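**Q** Quick one, fold the following:
(3 chains)
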Amino acid sequence: MFLKNCWYVAAWDHELIDGKLLARTLLEERVLLYRGESGKVVALNDRCCHRGAPLHLGRREGDCIRCMYHGLKYDATGKCVQIPGQDVVPAKLGVRSYPVVARDHLVWIWMGEADKANPDDIIDFPYLRDPDWKGIPAYLHYDANYLLIVDNLADFSHLAFVHTHTLGGSEEYAYISKPLAIERLERGFRVERWHMNAAPPPFHRKVIQDKDAPVDRRNIGHMHIPGIFFLESLFSPAGTGAEKGNLEGAKQYRNCQFMTPETRSTTHFFWNYLNNFEADDSNISRSLLNSLIEGFMEDKHIIEAQQKILDEDPDFKLLAVVADAPLVHFRATLARLIAKEQAMQISAAASKPAAAVFSPELAMK
Amino acid sequence: MFLKNCWYVAAWDHELIDGKLLARTLLEERVLLYRGESGKVVALNDRCCHRGAPLHLGRREGDCIRCMYHGLKYDATGKCVQIPGQDVVPAKLGVRSYPVVARDHLVWIWMGEADKANPDDIIDFPYLRDPDWKGIPAYLHYDANYLLIVDNLADFSHLAFVHTHTLGGSEEYAYISKPLAIERLERGFRVERWHMNAAPPPFHRKVIQDKDAPVDRRNIGHMHIPGIFFLESLFSPAGTGAEKGNLEGAKQYRNCQFMTPETRSTTHFFWNYLNNFEADDSNISRSLLNSLIEGFMEDKHIIEAQQKILDEDPDFKLLAVVADAPLVHFRATLARLIAKEQAMQISAAASKPAAAVFSPELAMK
Amino acid sequence: MFLKNCWYVAAWDHELIDGKLLARTLLEERVLLYRGESGKVVALNDRCCHRGAPLHLGRREGDCIRCMYHGLKYDATGKCVQIPGQDVVPAKLGVRSYPVVARDHLVWIWMGEADKANPDDIIDFPYLRDPDWKGIPAYLHYDANYLLIVDNLADFSHLAFVHTHTLGGSEEYAYISKPLAIERLERGFRVERWHMNAAPPPFHRKVIQDKDAPVDRRNIGHMHIPGIFFLESLFSPAGTGAEKGNLEGAKQYRNCQFMTPETRSTTHFFWNYLNNFEADDSNISRSLLNSLIEGFMEDKHIIEAQQKILDEDPDFKLLAVVADAPLVHFRATLARLIAKEQAMQISAAASKPAAAVFSPELAMK
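**A** Numbering: from 1, shown residues only, chains lettered A, B, ... in the order given. Predicted coordinates for the structure are as follows:
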């Protein structure tokens, strides 16, 4: 159901401050995330192999974690290194650990086969480490499948109706600002949309001086497998030729959104909406954060209602309109990758000898 | 599971005041009800055919409704008449509409095959439009199957135990006031029950002057398929010959109750308890409304407990006693009608060519 | 799933004070418990055989119970003895009754075949009737299978981690105080555990004078099928030879715990923690009650989390460590008894003629 062999965002790194044991379900697996005393970020299956108690109720000891039911202790690789009252710890005892990479304030996790995890495959969003770009990292929880959020982002005409008074600005946006270009990419899509000579939308209007001057507005969106969205937004004084490359007087935003499945019907939604013009006025970031929360709550309201409706009737077929071309391409691409991954796992399982399994009898010896 | 080809009450008409978009699940389908600008009442499937967003989060425009996700607009027949940003709207695009009739303050809906809907089949309760009869239309939601409420109304002996201090008056009612007559009707039943020389029950006592004079009490109940109950109640001075037709000094009530399935285990319950003696004293209607709410909450308490118990053990067989003759007749009649309707649908489906289905490819052209 | 032919604790007798109708689900059956006017304790299936209404919403009349929906009345054996408005009550009409025994403030119930119920099989805990031992009977509800509580009690090393600051005292307890003896019994197990020269644990420290003197601590636990735990605890001045039988200056506790399944994933947990040294100072019992509630809430927190984790993944295999020997023995014994009981029921059912079933037709005659 999920693509496993790829990198997902598991957390913002500030969520692991001060040794916090963060319990988070990812792709329907319970994961415990924490930063060990050495600074290393650890991700383990959040379930003691002994009696199934959750490790996030445990205690961090150095880079290790101790289950606080009967005291079993695991190192950062998940290996059990101590059983109180028992002299020998069987070698195979332990819990699963997951490859993790902390980079640019994000904690990335690999939920698939560990030997295929390559940190170089992590998609780069350089603005998160660029001191010229300022923003506040944020999180929302959705009671909806992550692909419904991907769908939402694939068609900006919804700005006109869902976000008229926040991120959109006018219903005109749906009628006039057709995408200039839709590019089907190997693992995603790119859309470009222009709206010429428009009033600045409310979220932007709040952070600029000349609130009534019309703007030429451009959005370029990139969606990447498994559900990572980058948006470059430009607002230029109307008629000054932004479409021909003249960016004088333009204001820009760089926005990243990471949709990570919690379960098939719930999602962790991480984002940051960055600007490069606030200089020392951090109220601009704060205003943008609030505007985005306001806008995303509008999405959340309709997307969660949509999820309920879809849950009620599994036979309901969604119907594609012209604007759904990127969405259809993305869902087809993802489905193909998942099918391929599952086929490879089945054939790998068939050709491998049965894995040795830890047996209770051994443990009792 | 439900009889589809028949009229159900969907709402009181005051629920559609001021353009209100009323989302109501009926027979396990999501229905959007509203009164268009022209005054016409519209009932549509509450799910946009595009991405499944609920139309009740949309906006009424004239008699039309616009989905406020991507802006698709539907007319009162459910046909899609606009897709913002797309020039051509495929002819077959739309959502299902349901036949509706607004009559005597009730909104009736037909959930089955539209071509079989005949407004003349709506059961008439003339007191709702008769200015001599006064009452306040009311609504309760039940966490119970609608037939458990039908069952409840089929045996008035429960007045003695459930409603002793509200609608009943004494436990004697269960022992003495046996039904005079039970009539099995083609699509329902009629029961008549007399209780001679009794104290007036609390709800009636509150609205009369001579609170201590004994009464002869008569209830005539009619239950109609699918779950419509009419009750004529008479309280006459004891011993003055009401049973022989002398109604001098009698006070009467006309009560209608409409049980409409929301789901298999929840019910919309509409009622009005009318009197013809309040003249200008509207406190009488108000007192009766309060008494009935009090009484129906007693029913609701026991019926919802019953539903939970039945849910827990699908093998539990309810056991009929003598007083259950009308109930048994009603359930058997309804089961026969449902079986017949389903058999006809299956044979109709077999003899019809496959319906043309709207295809996404077409929409993308 | 449950062992049926054995005695379970259904209630403390104070729960039935003043004619209280106690509705309690036991082994996934709804049971109504009450003390009749004669003093006899009655246990009936809490579901009227007529329309399934719950009898606990009914009214006690003598030793009988009347359903307050349509007034059917049942005697203490469950036989229906009155149907208001109907002259004849069919002989077989009624609800199931369960053998019950009230003894030493406990109400025991037998959920299996009534003819096999022998009160002599009830396990005796004499301290509950011994005036020298004082304590306060208590109850907790668990959202967890009862065997997870049995497991918890089978390994006292958890005192070190779960109850460090309440019932345990130190983490040392897990490492040093290995069980001296584990005895596998025919229907349970016995464990003995000593901790020499230790600080008194917090719950004990609160009720003694010499709070800083080290103690030799001994716990002897007995677990009995189906989930009954007796614990004898001893605290003796350190080094005075308690392990050789010198109990001078020792303080002792007697503790009983009864785990009765409500459903497969919830449990009724009854206990009493008795001491023989409070004399007239009832604050000692009160302090112990509070300490035990505090400690059991720690268990409940981790055990309920464990239950959720096990529910999520039915394929997860719990892994036994050395300390789990008693737990493994108990679960295997219980599984064998349940399998045997079910096999006997199947063979009994095969050799018996079909039971006569009450028929609605008869009732309507």
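**Q** need the residues of the stretch 51-200 of chain A near chain B, please.
**A** A:D151, A:D155, A:S157, A:H158, A:A160, A:F161, A:V162, A:E171, A:A174, A:Y175, A:K178 (CB under 8 Å from any CB of the partner chain). Every C-beta, even on glycine, is put in place using the N, C-alpha and C of the backbone.
**Q** so which of the residues you listed comes closest to chain C?
**A** Closest approach between those and chain C, by CB to the nearest CB: A:D151, at 27.8 Å.
**Q** residues contacting the closest one?
**A** A:L327, A:R331, B:R51 (CB atoms under 8 Å, 6 or more residues apart in numbering or on different chains).
**Q** Would you convert those into JSON lines that also reports pLDDT?
**A** Shown next, in JSON lines, are the contacts of A:D151 (pLDDT from 0 to 100):
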{"residue": "A:L327", "pLDDT": "95"}
{"residue": "A:R331", "pLDDT": "97"}
{"residue": "B:R51", "pLDDT": "96"}
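**Q** On the pLDDT front, check A:A76 for me.
**A** Predicted confidence (pLDDT) for A:A76: 98.
**Q** ok, now the one 10 residues further on?
**A** Listed pLDDT for A:Q86 reads 92.
**Q** Look up how far A:L72 lies from it.
**A** 9 Å (CB to CB, to the nearest Å).
**Q** Would you double-check that A:A174 falls in a strand?
**A** No. Using DSSP: H, G, I helix; E, B strand; the rest coil, the assignment for A:A174 is helix, not a strand.
**Q** and the gap between it and B:V100?
**A** In terms of CB to CB, A:A174 sits 31 Å off from B:V100.
**Q** for A:P99, same thing?
**A** From A:P99 to B:V100 the distance is 59 Å (CB to CB).
**Q** between those two, which one's more packed in?
**A** B:V100 (22 against 18; other CB atoms under 10 Å in any protein chain shown).
**Q** does the residue nearest to that one when sequence neighbours are not counted sit in a helix, a strand or a coil?
**A** Spatial nearest neighbour of B:V100, chain neighbours left out: B:A43 (4.6 Å); criterion: CB to CB, 6 or more residues apart in numbering or on different chains. Following three-state DSSP, B:A43 is assigned to strand.
**Q** So for A:E243, what's the pLDDT?
**A** 92.
**Q** what number of residues lie near A:Y139?
**A** 13.
**Q** Pairing partners for it in the sheet, please.
**A** A:F270 (DSSP bridges).
**Q** so what's it up against?
**A** A:W12, A:E15, A:H268, A:F269, A:F270, A:W271.
**Q** Kindly report the same for A:G78.
**A** Counted by CB under 8 Å, 6+ apart, A:G78 has contacts A:L44, A:N45, A:G94, A:V95, A:R96, A:S97.
**Q** If any of these are buried, put those into a PyMOL selection.
**A** In PyMOL, this line selects whichever of the contacts of A:G78 come out buried by 16 or more other CB atoms under 10 Å in any protein chain shown:
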select buried, chain A and resi 44+45+94+95+97
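**Q** Kindly reformat the contacts of A:G78 as a markdown table containing distance to chain C and pLDDT.
**A** Below are the contacts of A:G78 laid out as a markdown table (distance: CB to the nearest CB, whole Å; pLDDT from 0 to 100):
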| residue | distance to chain C | pLDDT |
| --- | --- | --- |
| A:L44 | 14 | 98 |
| A:N45 | 10 | 98 |
| A:G94 | 10 | 97 |
| A:V95 | 10 | 98 |
| A:R96 | 12 | 98 |
| A:S97 | 17 | 98 |
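**Q** Just give me the closest of the contacts of A:G78 to chain B.
**A** When these are compared against chain B (criterion: CB to the nearest CB), the nearest one is A:N45, at 34.8 Å.
**Q** Show me what from the stretch 51-200 of chain A comes close to chain C.
**A** So the stretch 51-200 of chain A meets chain C at A:51-54, A:57, A:66-72, A:83-86, A:93 (CB under 8 Å from any CB).
**Q** Just the CA trace of stretch A:29-41, in CSV.
**A** Extracted C-alpha coordinates of stretch A:29-41, given in CSV (Å, rounded to 0.1, in the frame of the first residue of the first chain):
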residue,chain,number,x,y,z
GLU,A,29,4.5,1.1,12.0
ARG,A,30,5.1,2.4,15.4
VAL,A,31,8.5,4.2,15.5
LEU,A,32,10.4,5.6,18.4
LEU,A,33,12.6,8.6,17.5
TYR,A,34,15.2,10.2,19.7
ARG,A,35,18.5,11.9,19.7
GLY,A,36,21.0,9.9,21.7
GLU,A,37,23.5,11.6,24.1
SER,A,38,26.1,11.5,21.4
GLY,A,39,23.9,13.6,19.1
LYS,A,40,23.1,10.6,16.9
VAL,A,41,19.4,10.3,15.9
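**Q** Counting neighbours, which bits of that stretch end up buried?
**A** Buried residues in stretch A:29-41 (16+ other CB under 10 Å): A:E29, A:R30, A:V31, A:L32, A:L33, A:Y34, A:R35, A:G36, A:V41.
**Q** so which of those residues comes closest to chain B?
**A** Nearest to chain B out of the buried residues of stretch A:29-41 is A:E29 (CB to the nearest CB; 28.1 Å).
**Q** Quick one: residues contacting the closest one.
**A** Going by CB under 8 Å, 6+ apart, A:E29 touches A:N45, A:M111.
**Q** Quick check: the gap between the residue of the stretch 201-350 of chain A at minimum distance from chain B and chain C.
**A** As assessed by CB to the nearest CB, chain B sits closest to A:A320 within the stretch 201-350 of chain A, at 4.0 Å. To chain C, A:A320 is 35 Å away according to CB to the nearest CB, to the nearest Å.
**Q** Bridged to whichever residue of the stretch 151-300 of chain A sits closest to chain C, which residues?
**A** Residue nearest to chain C within the stretch 151-300 of chain A: A:T263 (10.2 Å; CB to the nearest CB). Counting by DSSP bridges, A:T263 forms beta bridges with A:T266.
**Q** What is the burial count for it?
**A** When neighbours are defined as other CB under 10 Å, A:T263 has 16 of them.
**Q** pLDDT score assigned to it?
**A** For A:T263, pLDDT reads 98.
**Q** A:R254 too?
**A** Confidence for A:R254, expressed as pLDDT, is 98.
**Q** In three-state terms, how would it be classified?
**A** Per three-state DSSP, A:R254 ends up strand.
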